[in-house]
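# Below is the structure, and that's it, no one-letter string:
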């Protein structure tokens, strides 16, 4: 499966904040919340598929 895992994406965001400094905090925070929301929705859809 191509692409980055969630852990790899989170690590990339953390490295970006370290390299970019405090000016990147708002964007990194938004990206982390979006990723968490996406993974929560993905988990819910997986549960629905298992019920069928």
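Ah, there it is. As the structure is a prediction and not an experimental result, all values here were calculated from the model.
# Check the secondary structure at the most centrally placed residue in the chain for me.
Most central in the chain under Cα atoms, centre = their mean is residue 35, positioned 2.9 Å from the mean C-alpha point. Using DSSP: H, G, I helix; E, B strand; the rest coil, the structure places residue 35 in helix.
# All the helices of the protein, in order from the start?
6-20, 25-51 (DSSP state H).
# Mind putting those helices into a markdown table with mean pLDDT?
Shown next, in a markdown table, are the helices of the chain (pLDDT from 0 to 100):
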| stretch | mean pLDDT |
| --- | --- |
| helix 6-20 | 91 |
| helix 25-51 | 80 |
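# Please identify the most buried of those.
Across the helices of the chain, averaging neighbours per residue (mean count of other Cβ atoms under 10 Å) puts helix 6-20 on top, at a mean of 12. Heads up, the C-betas are built off the backbone N, CA and C, glycines and all.
# starting at the chain centroid, how far to it?
Distance, stretch centre to chain centre, for helix 6-20: 10 Å (Cα atoms, centre = their mean, to the nearest Å).
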